[in-house]
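take a look and give me a structure for this.
(one chain, ligands or ions: 2)
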Amino acid sequence: MKLSFHGADRAVTGSCHLVECAGVRLLIDCGLVQGSRESEQRNREAFGFDATAVDFVLLTHAHLDHCGRLPLLAKRGFRGEIVATAATRELARVVMLDAAHLQEEEVRRNLRRIPQRRAQEREAAFDTEPLYTVLDALNCLDRFGRAAAYGEAIELAPGVRVTFYDAGHILGSASLFLELQEHDRRQTLAFSGDLGNRGRPLLRSPVVPPRSHIAVMETTYGDRLHKAIAPSIEELFEAISGAFARGGNVVIPTFALERAQEVLWCLRQGHEQGRLPALMQVFLDSPMAISATQIFEHHPECFEPHVASQFGAGKDPFALPGLHFTRDATDSIAINRFRSGAVILAGAGMCNGGRVRHHLRQNLWRESCAIIFVGYAARGTLARRIIEGAKSVHIFEEEIRVRASIHTINGFSAHADRDELLDWHRHVRPERTFLVHGEEDVMQAFAPLLHDTRIEMPEFGQSCEI
Ligand SMILES: [Zn+2]
Ligand SMILES: [Zn+2]
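Ligands and ions are numbered 1, 2, ... in the order given. All right, here's what the predicted structure looks like:
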């Protein structure tokens, strides 16, 4: 039996791990590397395994850093089965098609910028081929097979079973429990996937898989504790009221899955309780977040009971007066007319693409405005530079001064914090622990807190006998 590492090794994005047992090859996630242009070049390199030889992909959840290289896997010859929960499958479809579309768009835009006759210059400046196309993403959708239900074991092949457990991270997210047998050797593995934190407004809290010999666990926030959600909601309301009082707008760079819906839910609460101005205009300016919100409405089974019961009673927990869904680019541009009193939720959460960059160009230089970060920002991204206090940033090749007030509210994090990760590890009680999905200094701080286990921090491409 073998376990090898092909992404999110001493880094947060690009999750991809391979398990080989009894002649069966299982890939756990196949995510996109995100961050600086140089690190994103990694996506174009070889996987480090033969795509045509992979039998199954077990997809933990629909974030791009977990599903974003699946169309590439299909393009490179994968013909096996992708197993995921029903909600993950629906969300991953939107996420992968959106990614393919953006990549095609970007290549087209770049090709227009530098004319054909300067071919060499073009090659040097950017990629002239998308990583994958919409057609590749559609072909990949055909590979989705069985839908996993939480807590029910699936027999993938003789000696290979998997059970999905609710990871409480985003809709449909899962931790995996693998039971393997090769000849008379038995082994159990727990893959944390991305773990959610407890007490979130919409989702259920994570369920820990059974005790396992081996754990492969995320460490995104292994070095810090989150604030509780209640003070974070207060902070959100204060930041919005402050910007409105100064005559400005609020921009919230938002991850389309989960965070957008959580923030909407909080804004609705604030509105109902009279904590936010009645005339507030809220724009959900992200076609993907709009689609994801609709998918949420199909899956009340994933929610905390009090939220699920609102759906059951025909109430939409995300509806709010003054809420606008802007799918079309022209409606998005029209938001520029609002100089004050608007809350603009737009992707991408790390500001490395998407419509949020237009809104930052409009609002970042205005002292009256507020930019509120509610999620993780990887090294090398625009969001990270602003959070770390850059005085000015480049957006669309223009230098923009940072004068708006900048808020980082981490209680909305979709990730477990240090103590929640430790708690998860204490319940799984593995003999051997592989730390992944974290920056190296965070892992170094987290590792000494784990007891009675052999700890490893695999390098990219590393392979271990298990
Ligand atoms: Zn995630
Ligand atoms: Zn992740």
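
residue contacts, Arg385?
Residues near Arg385 by Cβ atoms under 8 Å, 6 or more residues apart in numbering: Val393. Where you see a C-beta, it was placed from the backbone N, CA and C, and this is true even at glycine.

hang on, it is in a strand, isn't it?
No: with DSSP: H, G, I helix; E, B strand; the rest coil as the criterion, Arg385 is located in helix rather than a strand.

any idea how far ligand 2 is from it?
Distance, Arg385 to ligand 2, using Cβ to the ion, to the nearest Å: 21 Å.

now do that residue against ligand 1, distance only.
For Arg385 relative to ligand 1 (Cβ to the ion), the value is 22 Å.

please renumber so the chain begins at 37
Yes, from this point I'll number from 37; that puts the last item at Arg421.

give me the pLDDT value at that residue.
Reading off the confidence values, Arg421 has pLDDT 96.

try the one 5 residues further on
Each residue has a pLDDT score; the one for Ala426 is 97.

the residue nearest to it when sequence neighbours are not counted: neighbour count?
If the residues on either side of it in the chain are set aside, Ala426 comes closest to Val438, at 5.9 Å by Cβ to Cβ, 6 or more residues apart in numbering. For Val438, the count of nearby residues is 17 (other Cβ atoms under 10 Å).

hang on, Val438 packs against Ser428?
Yes: the pair Val438 and Ser428 passes the contact test of Cβ atoms under 8 Å, sitting 6.1 Å apart.

measure Leu177 to Asn285 for me?
To Asn285, Leu177 is 38 Å away according to Cβ to Cβ, to the nearest Å.

and the contacts of the helix or strand harbouring Phe332?
Taking DSSP states H and E as the criterion, Phe332 maps to helix 323-334. Here helix 323-334 makes contact (Cβ under 8 Å, 6+ apart) with 123, 126-127, 130-131, 134, 207, 290, 292-294, 296-297, 300, 320, 347, 352, 354, 361, 363, 381, 383.

try it again with 7 Å
Contact partners of helix 323-334, identified using Cβ atoms under 7 Å, 6 or more residues apart in numbering, comprise 126-127, 130, 134, 207, 290, 292-293, 296-297, 320, 347, 354, 361, 363, 381, 383.

got it, and stretch 136-143?
Surrounding stretch 136-143, the residues in contact under the criterion Cβ under 7 Å, 6+ apart are Pro107, Asp163, Thr164, Glu165, Pro166, Leu167, Tyr168, Thr169, Val170, Asp172, Ala173, Gly389.

what about the contacts of helix 323-334, which are in helices?
Among those, the residues falling in helices (DSSP state H) are Glu126, Leu127, Val130, Asp134, Ala296, Gln297, Phe347.

what's the neighbour count on the nearest residue to Thr444 once chain neighbours are set aside?
Distance criterion Cβ to Cβ, 6+ apart; nearest residue to Thr444, sequence neighbours excluded, is Phe409 at 4.7 Å. Residue neighbour count, defined by other Cβ under 10 Å, stands at 23 for Phe409.

mind listing what's buried along stretch 451-458?
For stretch 451-458, the buried set under the neighbour-count rule, 16 or more other Cβ atoms under 10 Å, comprises His451, Ala452, Asp453, Arg454, Glu456, Leu457, Leu458.

take the residues you listed and keep only those in helices.
Arg454, Glu456, Leu457, Leu458.
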